[in-house]
Structures are given as C-alpha cells and as structure tokens.
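[1] Quick one, structure for this:
(one chain, ligands or ions: 2)
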Amino acid sequence: MTRKLLSLAIVACCASAAHANTIFLDFQHNNRPDTPGYNSIVSSTINGAAISFTDMLDSNGVPTAIDVGHVGFPANGNSAGHTGVTGDAAIFADGATSDSLFGHTNDFNGFLAPNPIITFSDLDASGATTYDFVLYAGRNGGSIRAGDYVFTDANGSVAFTDYDASLNTSEVIAVNGLVADANGEISLSMTAGATNDTSQRFFYINAMRITTNVPEPSVLGLLSVAGLFGLRRRVR
Ligand SMILES: [Ca+2]
Ligand SMILES: [Ca+2]
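    Numbers count the residues shown, from 1 in each chain. Ligands and ions are numbered 1, 2, ... in the order given. You can find the predicted model right below:
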C-alpha cells in the first residue's frame, strides 16, 4: 500500500469512524405515564433513597448494558414542565420535557435535597467508547431556578453553572466525548446555582439524550494496519 493510498484509506475510515447509538431518558414524576422511546427514570418513593434502573433501551428499543442509578432526589417529582419545546431542546418529546426530578438546597416539605447524584454505569471501561450527553431542564414557573451540573468522567470534571430551568423552552446543556472511568462509570452531580432566587433553591432535570460512539472493529483493524505500516517505514 502506498503512502497516498493509506492516507486515503484513513480519511475514508475516519469519516465513519464510530457507530453511534442514542438513548433517551425521561426523568419523570412517579404518577406520569411512560413516554414511548424513553427510559423512565423516576425517583424512589422514599425521600433521598437510592434507586437504579438496568440495561437502558436505545432509541430502537434494543437493550444496552447501560445502567442508571441516582440518590438524593425527593420522592415523586414535578409535573409543571413545558411541552412544544424548540431550539436545541426540540430533540425531546413532550412526555419527557413536561415533567422532572428536582432538588432543593433549602427545606421543602421537611426535606433537603441539596446534591442529587446520577451515576451511569456498565459503560465501556476500556476508554474506547466516548459518550455525548444532552440535558434539558424546564419548569413552567417564575423566579430563577438555576442549577449547577457537573459531569465527572475518566478525565476529570466538566461543570455547567447557573443553567436556569425557569420558563426554559429551548436551552440545553451539551457535553461531548466523555469517557467512562476504570469502573465503567460517568456521574452527574447537581446542586443549586449561585443565581437561584427561589426560597427553596429548586433545580431540575427533565430529559436526557446519551449518544454512545463505539469505534468500529474494522476501523481498529485499519488503524492497526496503519500503525504497522508506519513501523515498517521507520525501521527501513
Ligand atoms: Ca447493565
Ligand atoms: Ca421528564
């Protein structure tokens, strides 16, 4: 294989370097119906208790290995979300945007939920697969209902601060290229943002899309061939 041909082969391979798979999550009120095409993530019926959901379905209804667990949310959820969202949020269905799980750093109904944590597990611990996340929070109410959202992966943390759910019908948080840690996990930690001006300091999560980018085996093979080719050239 000539160098030029090899270059062309690498360009061709990298144009479709990964097999993408999408998973939709609906963080929802316990009493609301499931949304077709979404994995329903409800809170425990006990305030703050850990709860987990195994083997998320992808957008084609095919089971994946991915598990989702959370701890620290109050029981039930909130049903005062938006429908008919637009802009970057338009990827999400009404059934998913219209309700949420929420937290609050001050007292609400005799409970504190200052720091709910969502853990995505049974991910690819080898580091070969990357994960893209899009998160939407919306609440049909006034005031500033801002939250800080921190994703933690194998490479550290990515923080989004003061993302305001109040009357939000179009804005999302998006982060690409996260890599699971050695335990196969990525986590999302939530708390109230500095600008939050509700007395309970409420913050929310309504819907999420996870895209998994899995390298194609053929690409790995071709890259190995490319590596060998480079090695041969170097030792000549
Ligand atoms: Ca699993
Ligand atoms: Ca929802």
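[2] how near is the residue in the chain that ligand 1 sits nearest to to Asn183?
    Residue of the chain nearest ligand 1, by C-beta to the ion: Asp122 (3.6 Å). Where C-beta positions appear, they are placed from N, C-alpha and C, glycine not excepted. Distance, Asp122 to Asn183, by C-beta to C-beta, to the nearest Å: 10 Å.
[3] More neighbours: the two, which one.
    Counted by other C-beta atoms under 10 Å, Asp122 and Asn183 do not tie: Asp122 has more neighbours, with 17 against 12.
[4] Could I get the pLDDT score of the more buried one?
    We have a pLDDT of 98 for Asp122.
[5] And what about Met208, helix, strand or coil?
    Following DSSP: H, G, I helix; E, B strand; the rest coil, we place Met208 in the strand state.
[6] Just list whatever residues bridge to the residue nearest to it when sequence neighbours are not counted.
    Spatial nearest neighbour of Met208, excluding adjacent residues (C-beta to C-beta, 6 or more residues apart in numbering): Leu25 at 4.3 Å. Applying DSSP bridges to Leu25 gives these bridge partners: Asn39, Met208.
[7] For Leu25, give me its contacts.
    Applying C-beta atoms under 8 Å, 6 or more residues apart in numbering, we find Leu25 in contact with 38-39, 41, 56, 68, 96, 207-210.
[8] could you pick out which of these are near ligand 2?
    Filtering those for proximity to ligand 2 by C-beta under 5 Å from the ion leaves Ala96.
[9] wait, isn't Asn183 in contact with Ala125?
    Yes. Contact status for Asn183 versus Ala125: in contact at 6.5 Å, counting by C-beta atoms under 8 Å.
[10] quick one on the thing from earlier: want to try a markdown table for the contacts of Leu25, with neighbour count as columns?
    What follows is the contacts of Leu25, written out as a markdown table (neighbours: other C-beta atoms under 10 Å):
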| residue | neighbour count |
| --- | --- |
| Tyr38 | 23 |
| Asn39 | 23 |
| Ile41 | 23 |
| Met56 | 20 |
| Val68 | 23 |
| Ala96 | 30 |
| Ala207 | 30 |
| Met208 | 26 |
| Arg209 | 20 |
| Ile210 | 24 |
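[11] Could you export the contacts of Leu25 as CSV, including distance to Ala89 and pLDDT?
    Compiled in CSV, these are given as follows (distance: C-beta to C-beta, whole Å; pLDDT from 0 to 100):
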residue, distance to Ala89, pLDDT
Tyr38, 14, 98
Asn39, 18, 98
Ile41, 18, 98
Met56, 21, 98
Val68, 20, 98
Ala96, 10, 98
Ala207, 8, 98
Met208, 11, 99
Arg209, 10, 98
Ile210, 16, 98
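[12] and this protein, which residues reach ligand 1?
    54-55, 65, 67, 122.
[13] Which members of those are the farthest-apart pair?
    Using C-beta to C-beta, the two most remote members of those are Thr54 and Ala65, lying 8.7 Å apart.
[14] Can you pull up the most central residue in the protein?
    Note on the chain: the residue nearest the mean C-alpha position is Phe133, at 3.8 Å, using C-alpha atoms, centre = their mean.
[15] And that one, what's its pLDDT?
    pLDDT, Phe133: 98.
[16] Could you find the closest non-adjacent residue to it?
    The shortest distance from Phe133 to any non-neighbouring residue, by C-beta to C-beta, 6+ apart, is to Val175 (5.2 Å).
[17] I am finished for the moment; much appreciated.
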